[in-house]
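# sequence? don't have it. structure:
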């Protein structure tokens, strides 16, 4: 991926598409699942997005689900993540992983059908399917990696 260049404009929601890609089972395991969320620049010039956009999962009716990104262990407030440059027609992706089995004494599960990635006032929406579980009384936790070039 080309290095970050300060004079490249920020991407807008109008120039990006968001799709989910299961990565042919990259995230599937015992009581775990996940997906790649892929941002593609459909515009005619390079643009930048924050390296770790805010992710909101929603149900089929568009209501926000009680799910929250789990911060990296030992990194508070978290790692410094630089913006990512996306060339025209190119894609970047973030990996999202969660517990998919009811493995807690008191499990709480949600089923996302939609996802939003936001950065500043820009919000990019897409479809996503999943079954996420966590401890009752707490938001369902997921891990999210910084954006990187998609293959």
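Okay, I see it. What you are looking at is a predicted structure, and each value in this text was computed from that prediction instead of being measured.

# Residue most distant from the centroid, this structure?
residue 105 (27.6 Å; Cα atoms, centre = their mean).

# Secondary structure of that one: a helix, I assume?
No - assigned with DSSP: H, G, I helix; E, B strand; the rest coil, residue 105 falls outside any helix and is coil.

# Regarding it, what are the backbone dihedral angles?
phi -60, psi -40 (degrees, to the nearest 10).

# Go over the secondary structure and confirm residue 24 is in a helix.
Yes - judged by three-state DSSP, residue 24 forms part of a helix.

# mind checking pLDDT for it?
The score at residue 24 is 76. That number is its pLDDT.

# That one and residue 36: what is the separation?
10 Å (Cβ to Cβ, to the nearest Å). Placement of C-beta: from N, CA and C, glycine included.

# Equivalent analysis for residue 68, please.
19 Å.

# Tell me which of those two has more neighbours.
residue 36 (21 against 15; other Cβ atoms under 10 Å).

# List the buried residues for the host helix or strand of the more buried one?
Assigned by DSSP states H and E, residue 36 belongs to strand 32-41. In terms of neighbour count (16 or more other Cβ atoms under 10 Å), strand 32-41 has its buried residues at 33, 34, 35, 36, 37, 38, 39, 40, 41.

# thought residue 104 was touching residue 132?
No - under the criterion of Cβ atoms under 8 Å, residue 104 makes no contact with residue 132, lying 12.0 Å away.
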